[in-house]
Structure formats: structure tokens, C-alpha cells
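> Structure of the sequence below:
(chains A and B, ligands or ions: 1)
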Amino acid sequence: MERYYKEIYEASQSDKEKVAWCSSVGPAEILIAAGFKVYYPENHGALIGAKKLATKYIIKANSIGYSPDICSYLTSDIGAYLMNETPLKDAYNVPSIPRPDVLVYNTNQCREVQDWFKFYGNEFKIPVVGIFSPWKIKDLKKEHVEFVSNQFKNLVKELEKITQRKFDYDYFKEVINLSRECSLLWKRFLETAQNRPSPITFFDGTIHMAPAVCLRGLKEAVDYYKLLNSEVEERIKRKEGAIDNEKIRFYWEGMPIWGRLRFLSEVFEKNNSNVVASTYCNSWVFEDLSPEEPFESMAECYLKIFINRSEEVKERILVEEIQKYKCDAIIFHDAKTCPHNTNSRFGMPERLREKYGIKTLIIYGDLNDLRCFSDEQTKTLIESFPERT
Amino acid sequence: MSFFAGIDIGSSYTKICLIDEKKKIIAEDIVSSGISFEKTSKKILRRVFKKINGNFKINDIKVFVSTGVGRYNFPFKKITKTEISCLVKGMTYYFSGKGTIIDIGAEDVKMVQINEEGEEVDFKMNRKCAAGTGAFIEEISRKLRMPLKKLNNLAEQAKKSIEINSFCTVFAGTEIIHLIREGKDIKEIARGVFESFVNRILSMVKVEGKLFLAGGAVAHNPFLLKVFEEKTGITPLVPPNPQTLVAFGAALFALENKKKIDV
Ligand code: SF4
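Take a look at the predicted model:
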């Protein structure tokens, strides 16, 4: 990751290379193929959260009118920008965030990314291109795919204007291939959690997912997961669990709580519980990408992400996942500032319990704003589960 | 004679309950938790031992089970349990049947669904907010400079209530002062306080089956029972020791564990 951030920073400093900022489930493959180095503000937001710097920055963004009730990635990131600070400095020895030449978002995850990127569009006086996705899809239709793939094709034209170069379709197919390979390897890593004991935890996943988010479409990501998978497969052979005494298996639904990853993983482990799988880590699996139909398959993959599905589809996926990973219960993280990736607010836990007999827990917290999270309450909640089973 | 103790170290109050082998309560006590859970634990032990008789010593207690937020801070050999399990244990000692347990503490409210067998099937807690916890009523009583007993008595006398809209404890206080300045009937305001409180709790949980209530707020605010009954149509069941029920449940666990650990 250090090399990745250094390279983007250097690109932002040179006249020869161009930098694009992209939402985390945005059209990265197109940007890479067009020759951009791609930076993901959400990853920066998560880093701020993980370094426990978020509250310092959130209040700064609040003071210029970005409410404490909206996405705390957005407020942390904008706040850090306003204070001219970044955790990249300490983490990767990179002096600042890279100055972009274009900003590209996709509303498949939420509308917040639009306002977030517009803020920077105004700051840097550069083009902001939005891909508008139909929301909360039940049955994915041809029209949906067409609507989005046409926007992708238009994006290519916009990018050509910025780079002053013809888009290289052969390279695009190569990138699509690499992205697909990365997805399959990442999926294989996540699926190792089907083993009992699971050789991985959700918390490991949140760390190892960085290449799937930031380097997908590049060879580095493929190499990374090949190596990682060979290590994990060794562990499986040795029947080595990620925690010592795995008795209870949880499924995690929702955003991670970045500033409390260590705390939570310790509390779970102490209670012989492992959070083995999650909808979150699964969100970067785009296995249906196809070089034969690059735009269409991209549109399909990016429309099908969990966050963009209807309640019915989400319910079905959750039930299947809980069975697949043989989980004893599902934990919903009700993230105060991310309603889009919070699925406990429309009766889902109740439905899972009543219709399928699935045990549920709800943790109230936030991705970055730790003022919304209580260590004690959460600890009691997690500890009480093994006592009741 | 062997004794078993449960200590519930809560954020505001620490409760202790000692039982004998026949599950008979020998002594109970409640002290403010203060800033050191360790010191408070020692203090409550001294007090409760004195209550029994001057010669009672820590070694007379076979097993300790500590619970509550401070469960790990209890400075003697103990087994820890969460307050949720202890609550269910205590409540199912007194009552049976499928239902919803609501335990209203000073700073939190816990809602547990239990099945016919008395097993916990679901559990919820309030979010990071004092609305719907004992702190809400305490704050209002402070703001009105009116002891809880009087607040309860006034509410009891009201024929109707004035709605308090704010969930926020501080803003609700301000709203009440405003209502008083407007010359509204204090009895109706008092009733409104309890109704708003119960509404808040019932917005967090669906009461299914019987309704079991416990916790300090229930012990000190008898009027709450009436409001719960009005709003749910279910007569609440309250154990004889609502504030020390969790400590009692912990003591029952201590007794169960007597064979498992040899102190
Ligand atoms: S999905 Fe949630 S966390 Fe991600 S950018 Fe949108 S609002 Fe923020």
C-alpha cells in the first residue's frame, strides 16, 4: 500500500501522469485503462478512522456546514483536507493527498459520494463525472445494464478529453481480466472462512481487502492474493483457526467500526467467538466481469453489489450467507452516519428471527465517529451471547 | 452454612445480594458506585457483612459472581457474568412464561425476550443516549427540585397528561420549565414525564407475551407500572427486589457454580 500511495502522489506531482479520484465501487477499471492513477477517498476516510483521528476532523467539516449526521467518511476526509492533514504522512511517508485531475463517482452505493466529490470539484476546479445507477434493484434488467453501460461509454469520452489520448480498448480488456482475477482470488480468501475453525476473521478481512479496493485491475493485487491464499491454505491444512478456541461463529452485516477493530476482535476472541464473514468484505467481488463485454459486465457487477439491492434480495442473500458460513448469529452494525450500509432499520433482524429462526444482535456505532459507539455496551452485548447459547 | 454472593457493579449504583444454599436472601445492599469500582466493592462488602453480623467474613462466601459494567473490577476471586444473563436468571426465579423483560437502570435500559422455557431469545439495549433510562426521570426531578416520590404522587393524581415532546433529557427539562411558566398543571406535566418515558422505551421494543419489569427506575417510580399497563394492556410483573434483581440472579449463578469451582 505504501508503494501505491507513493506512486499516486508522484503522479500528482508530475505533468506526465494523471490522477483520478474514484468512489470505492466506482468504475476503476475504466480509469486505469484510460491511464489514470486511481485514488479512493473512502480508503483515506477509513484510514483516518482506523488511526482514531476522525473526531478531530469531523468537527472541522461540521463547522463549514457538513452535518454530524451525514457520512463520517465524508466529514473526516473533508475535515482533514481543511486542516491540511492526512494520516498518509505517518502511515506511508506520503506528504499529502494526491491532487486529482478528475473526480468520478457512482451512486450505486449512496448519494453522499456525489456531494463529497462536488466539494473537491469546487476546491480543485476540475471536472466531476457522476455515474447514476438505478437504486435498490430487485431483478436486474437489461435496461438497467444498458443505462449504466452507456454512461460508462460516455465517461470514456470525457476521460479522453482530459488525457488527450485515445482510450486503449485492448488494455481495458486486460484490466477487466486482472480485476476479475483479483475478485476470484479475494473471494477464495473470504470463502476459506467456511472451514471450521475459520482460518480468518472479518477483522483480518478489513485489512487484507485494501488491494481488492485500491489495486483491482492491477497485477499487484493478483500477486498479493495469490501469496495470501497460499498462506491461508497452509493454515487450513494445519487446521489452524484464526482464534484459539472457536466456539461461536458470527456473520457481520454493515460497515466496520474502524477505530475499534482491535478492541472488537479482542472481545470476540476472549469470548471464543469469531466473526467469520461479512457483507462488507464481499462487496468487492466482481466475478462476472468479462473482457468480451467489458462495459456491460462492469455495469452488471457494479449494479449487483449488496448495498444496491432491494430488501427482499438482501434478505435472501443474508440467509444464504449465514447458512454457507455456518454462523450461529448475525450481527448488524447500525452505523449512525451510513444509513445506506445499515440494514437493521427496516425490520430485517426481526424478519430473520421470525421467518428463519436466525439469532440476531445489533451493535450501535459508526464507521468513523466513535462518539456514537459505546465500548461497554458493545462488550456486554457480545459477552452475553455465549452465555445464552 | 454456605453463602453465595452476587454483586452487580452498575455505572451509577452497586448492588449486592447474599443467599444461602436454599436460595434464601440473607442480605442485600445498594451503594453509589462512585469513581472507583474496586473501593466501592470493598465498601459494600463491609456494609453487608455488618448487616448480617459483626463476625461475617469474606471467606464465609463460597462463590462470588460479579456482573454489571464493573464486573471485571471486583477485586476478589469471582466468576463474571453479563447483567443480561443475571437479569434473566433472577426474573425467571420469580416468574415463568414467555415474555419481555425490561430492566430500567440509571443509565441504560435492557430489553430481553424470553421463551416459554425462560431462555433468552433476543436482547436489546438503548443506544448511546439517556432517553428511556432512569437518568431521564432523575434529571427532571432535579430540575423541578421535586423528590421522585412527590413526582410519582402528582402524576398519580392527574386525570390527563401534557405531552413532553423532547426525547433528549436536557431539552425535556427545558420544555417542562417552559410549560410551568405557561401555567400548565404540574400534575399533568408529571404524568406527561412518565408517559414520554414509557413511550420511548416501547419504541425500542415490541412487548410479546408477559411483561416483566425490573431496575432502579421501577423500584423508585411506582407510577411507571400504571403507565406501562395503560400503554401495553398488560399488567406488569415485578419481582419483590426490582433494584437488586440482577445481583440476586448473579447470586443464583454463584450457587449453581458451587460444585464447579472450589474456593
Ligand atoms: S456508503 Fe455510507 S460510508 Fe460509504 S460513502 Fe456512502 S454514506 Fe459514506
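
> Put the alpha carbons of the helix or strand hosting residue B:228 into PDB.
Taking DSSP states H and E as the criterion, residue B:228 maps to helix B:223-232. Only the C-alpha atoms of helix B:223-232 are listed here, as PDB (Å, rounded to 0.1, in the frame of the first residue of the first chain):
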ATOM      1  CA  PHE B 223     -46.300   5.100  38.800                       C
ATOM      2  CA  LEU B 224     -44.400   3.600  35.900                       C
ATOM      3  CA  LEU B 225     -46.200   0.300  36.400                       C
ATOM      4  CA  LYS B 226     -49.500   2.000  35.800                       C
ATOM      5  CA  VAL B 227     -48.300   3.700  32.600                       C
ATOM      6  CA  PHE B 228     -46.800   0.500  31.200                       C
ATOM      7  CA  GLU B 229     -50.100  -1.200  31.900                       C
ATOM      8  CA  GLU B 230     -52.100   1.600  30.200                       C
ATOM      9  CA  LYS B 231     -49.900   1.600  27.100                       C
ATOM     10  CA  THR B 232     -49.500  -2.200  26.600                       C
END
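
> which outside residues touch that helix?
Residues from elsewhere that reach helix B:223-232 (C-beta atoms under 8 Å, 6 or more residues apart in numbering or on different chains): B:104, B:152, B:155-156, B:194-195, B:197-199, B:202, B:207, B:211, B:213, B:217-218, B:234-236, B:238. For every residue, glycine as well, the C-beta is placed using N, CA and C.

> cool, and stretch A:209-228?
With C-beta under 8 Å, 6+ apart as the criterion, stretch A:209-228 contacts A:1, A:3-4, A:24, A:28-29, A:32-33, A:38, A:40, A:42-43, A:175-176, A:178-179, A:181-183, A:185-186, A:188-189, A:208, A:281, A:284-286.

> how many other residues sit next to residue B:54?
Neighbourhood size, residue B:54 [other C-beta atoms under 10 Å in any protein chain shown]: 6.

> Got the domain ranges for chain B?
As assigned by automatic domain parsing, chain B contains the domains B:3-84+B:244-256, B:96-238.

> all strands in the stretch 251-389 of chain A, in order from the N-terminus.
Assigned by DSSP state E, counting those that start in this stretch, the strands in the stretch 251-389 of chain A fall at A:273-278, A:329-335, A:359-365.

> tell me which parts of chain A are close to the ligand?
Counting by C-beta under 6 Å from any ligand atom, the residues of chain A close to the ligand are A:42, A:71, A:73-74, A:109-110, A:112-113, A:255, A:338, A:340-341, A:367.

> what about burial for those, which qualify?
Neighbour counting over the residues of chain A next to the ligand (16 or more other C-beta atoms under 10 Å in any protein chain shown) leaves A:42, A:71, A:73-74, A:109-110, A:112-113, A:255, A:338, A:340-341, A:367 as the buried ones.

> Chain A - how does it break down into domains?
A:2-171, A:174-388.

> mind putting those in CSV, mean pLDDT and distance to residue B:123 included?
Listed next are the domains of chain A as CSV, based on pLDDT from 0 to 100; distance: least, C-beta to C-beta, whole Å:
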stretch, mean pLDDT, distance to residue B:123
domain A:2-171, 96, 27
domain A:174-388, 95, 6
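
> these two touch, right, residue B:104 and residue B:219?
No: using C-beta atoms under 8 Å, residue B:104 makes no contact with residue B:219, being 9.4 Å away.

> more crowded one of these two?
Neighbour totals were compared for residue B:104 and residue B:219, and residue B:104 leads with 28 against 20 (other C-beta under 10 Å).

> if I look at that one, how far off is chain A?
As judged by C-beta to the nearest C-beta, to the nearest Å, residue B:104 and chain A stand 15 Å apart.

> residues contacting that residue?
Counting by C-beta under 8 Å, 6+ apart, residue B:104 touches B:132-134, B:201, B:213-218, B:224.

> go on, residue B:10?
Applying C-beta under 8 Å, 6+ apart to residue B:10 gives the contacts B:33, B:68-70, B:83, B:105-107.

> Among the buried ones among the residues of chain A next to the ligand, which are located in helices?
Among these, the members falling in helices are A:42, A:73-74, A:112-113 (criterion: DSSP state H).

> And these, which two are furthest apart?
A:42 and A:112 (10.1 Å; C-beta to C-beta).

> What residues of stretch A:211-226 count as buried?
For stretch A:211-226, the neighbour count (16+ other C-beta under 10 Å) marks A:211-218, A:220-222, A:224-225 as buried.

> mind listing which of these are in helices?
Those of these lying in helices (DSSP H): A:211-214, A:220-222, A:224-225.

> now the residue in the stretch 51-200 of chain A that chain B sits nearest to, nearest residue through space, not along the chain?
As assessed by C-beta to the nearest C-beta, chain B sits closest to residue A:68 within the stretch 51-200 of chain A, at 13.4 Å. Excluding the flanking residues, the one nearest residue A:68 by C-beta to C-beta, 6 or more residues apart in numbering or on different chains is residue A:62, at 5.3 Å.

> quick revisit: and the domains of chain B: which comes nearest residue A:101?
For residue A:101, the closest of the domains of chain B is domain B:96-238, at 41.6 Å, according to C-beta to C-beta.

> So what's the gap between the closest one and the chain middle?
Distance of domain B:96-238 from its chain centroid, counting by C-alpha atoms, centre = their mean, to the nearest Å, is 12 Å.

> what's the first-to-last distance across that domain?
From its first residue to its last, domain B:96-238 covers 12 Å (C-alpha to C-alpha, to the nearest Å).

> tell me the mean pLDDT for it?
Regarding domain B:96-238, the rounded mean pLDDT is 91.

> so who does the residue of the stretch 151-300 of chain A found nearest chain B touch?
The stretch 151-300 of chain A approaches chain B most closely through residue A:271 (10.1 Å), counting by C-beta to the nearest C-beta. By C-beta under 8 Å, 6+ apart, the contact list for residue A:271 reads A:248, A:382-383, A:385-386.

> could you dump those residues to a markdown table with neighbour count and distance to chain B?
Shown next, in a markdown table, are the contacts of residue A:271 (neighbours: other C-beta atoms under 10 Å in any protein chain shown; distance: C-beta to the nearest C-beta, whole Å):
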| residue | neighbour count | distance to chain B |
| --- | --- | --- |
| A:248 | 19 | 14 |
| A:382 | 22 | 9 |
| A:383 | 21 | 5 |
| A:385 | 22 | 9 |
| A:386 | 15 | 10 |
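
> hmm, which two among those residues are most spread apart?
Greatest spatial distance among the contacts of residue A:271 (C-beta to C-beta): A:248 and A:383, at 11.1 Å.

> now the residue nearest to residue B:198 when sequence neighbours are not counted: how far from chain A?
In this structure, residue B:198 finds its nearest non-sequential neighbour in residue B:227, 4.5 Å apart by C-beta to C-beta, 6+ apart. Distance, residue B:227 to chain A, by C-beta to the nearest C-beta: 25 Å.

> Appreciated, that's everything.
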